[in-house]
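*Asks:* Quick one, structure for this:
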Amino acid sequence: MSQTVTRALRLLAELGEGERSLDQLAELLGVHKTTVLRLLQSLEEERFVHRDADYRYHLGAGLFALSSRALEQRGIRRIAAPHLAELNAATGHTVHLAAYEGGEVVYIDKYDSRHPVRMYSRIGLRAGLHNTAVAKVLLADLPTAERRRVARAVDYTVHTPNTLTGPAALLAELDTVAAQGWAQDHAEHESFINCVAAPVRDATGQVVAAVSISVPDVVLPYERVLDLVPRLLTTARAISADAGHTDRPDHP
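*Replies:* Residues are numbered from 1 along each chain as shown. This is a model prediction of the structure:
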């Protein structure tokens with residue numbers, strides 16, 4: 001990848017975290033302001049970047065349109081949508097759809113809870129590989145060698161006392177997930193959130209997405225979140241069926 005493209009992508013990634021000034025962006029890239037300004041002007045022409053009246057830069061409308069088209073191209077998101085909406089309406093809790101690509105787990109859809117306590121997660125945000133139920137579901141479907149490689153590469157940041165802290169613990173958890181057919185995040189990423197997730201399979205039997213229900217403990221205690229697993233599995237199977245998966249013996 002050329003240096004110019006790499007720098008432009010770094011600028012967009014930084015602006016994804018919030019507005020920035022020219023000086024801040026130049027410091028980030030470690031180059032002169034004129035170099036950054038030329039990149040920003042090109043991005044502005046394509047509407048990927050917007051400069052406000054205070055000369056601070058933001059992500060632009062062109063990038064929003066591009067991200068919307070990217071989501072529209074995800075067939076599983078379109079297939080899952082009515083089922084996710086139904087699950088959200090029936091339970092009243094936050095529902096996510098996530099996918100694994102390029103070594104990362106990313107949320108590709110979200111339906112908010114009707115309760116006043118909301119989750120910070122958003123579409124496009126990466127999920128932790130060692131502390132989220134959706135990631136455990138997706139990693140559990142990887143071939144054994146790939147699963148081990150990923151587990152060794154994870155940055156085991158500890159967020160709560162329940163966070164998994166090393167490859168051995170994660171691999172053992174993935175074995176459990178593969179055997180039981182669903183995963184949980186028992187206050188592993190946020191101390192007040194519990195989550196359960198289930199796999200969505202395509203016509204080949206491969207897990208192509210994970211659907212989850214997340215609930216703050218002030219709304220439901222952990223044990224009652226586990227009571228939602230049968231409903232979650234029903235939804236995941238319905239999405240899988242619409243994606244072409246069958247329960248023939250040759251399919252997982």
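*Asks:* what about Leu87, how many neighbours?
*Replies:* Taking other Cβ atoms under 10 Å as the neighbour definition, Leu87 ends up with a count of 24. To be clear about C-beta, it is placed using only N, CA and C from the backbone, and glycine gets the same treatment.
*Asks:* Give me the residue ranges of the stretch 1-150 of the chain where confidence is low.
*Replies:* Within the stretch 1-150 of the chain, the stretches with pLDDT under 70 are 1, 64-74, 117-120.
*Asks:* all strands in it, in order from the N-terminus.
*Replies:* For the stretch 1-150 of the chain, applying DSSP state E, counting those that start in this stretch gives strands covering 20-21, 49-51, 56-59, 94-101, 104-111, 126-127.
*Asks:* Would you mind finding the most buried of the ones you listed?
*Replies:* The densest packing among the strands of the stretch 1-150 of the chain, expressed as mean neighbour count by mean count of other Cβ atoms under 10 Å, is seen in strand 94-101 with a mean of 23.
*Asks:* Off-centre distance for that one?
*Replies:* Here the centre of strand 94-101 is set off from its chain's centre by 5 Å, with Cα atoms, centre = their mean, to the nearest Å.
*Asks:* quick one: that strand to strand 104-111, angle?
*Replies:* For strand 94-101 against strand 104-111, the angle between stretch directions is 150 degrees (axes from the mean of the first three to the mean of the last three Cα atoms, to 10 degrees).
*Asks:* could you say what helices and strands strand 94-101 packs with?
*Replies:* Other helices and strands packing on strand 94-101, by 3 or more Cβ pairs under 8 Å, 6 or more residues apart in numbering; DSSP states H and E, are helix 75-91, strand 104-111, helix 133-140, strand 193-201, strand 207-216.
*Asks:* So which of the ones you listed has the densest surroundings on average?
*Replies:* Most buried of these by mean neighbour count (mean count of other Cβ under 10 Å) is helix 133-140; its value is a mean of 28.
*Asks:* what sits up against that helix?
*Replies:* Helix 133-140 has contacts (Cβ atoms under 8 Å, 6 or more residues apart in numbering) with 96, 98-100, 105, 107, 127-129, 147, 150-151, 170, 173-175, 177-178, 182-185, 195-199, 207, 209-212.
*Asks:* Tabulate the strands of the stretch 1-150 of the chain in JSON lines, adding columns for distance to Leu138.
*Replies:* As requested, the strands of the stretch 1-150 of the chain are exported to JSON lines (distance: least, Cβ to Cβ, whole Å):
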{"stretch": "strand 20-21", "distance to Leu138": "32"}
{"stretch": "strand 49-51", "distance to Leu138": "32"}
{"stretch": "strand 56-59", "distance to Leu138": "27"}
{"stretch": "strand 94-101", "distance to Leu138": "4"}
{"stretch": "strand 104-111", "distance to Leu138": "6"}
{"stretch": "strand 126-127", "distance to Leu138": "9"}
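*Asks:* closest to Val219 out of those?
*Replies:* The minimum distance between Val219 and those falls on strand 94-101, with 9.9 Å, by Cβ to Cβ.
*Asks:* what about the helices in the stretch 151-252 of the chain?
*Replies:* If DSSP state H, counting those that start in this stretch is used as the criterion, the helices of the stretch 151-252 of the chain fall at 167-180, 222-226, 229-242.
*Asks:* chain center to the last one: distance?
*Replies:* Yep, that's helix 229-242 we're talking about. Helix 229-242 has its average C-alpha position 19 Å from the chain's average C-alpha position, going by Cα atoms, centre = their mean.
*Asks:* Name the residues of that helix that are buried.
*Replies:* Judged by neighbour count using 16 or more other Cβ atoms under 10 Å, the buried positions of helix 229-242 are Val229, Leu232, Leu233, Thr235, Ala236, Arg237, Ala238, Ile239, Ser240.
*Asks:* between that helix and strand 207-216, how big is the angle?
*Replies:* Helix 229-242 and strand 207-216 meet at an angle of 150 degrees, taking the same axes, to 10 degrees as the criterion.
*Asks:* just for the stretch 151-252 of the chain, where's the confidence low?
*Replies:* The stretch 151-252 of the chain contains residues with pLDDT under 70 at 248-252.
*Asks:* All set now, cheers.
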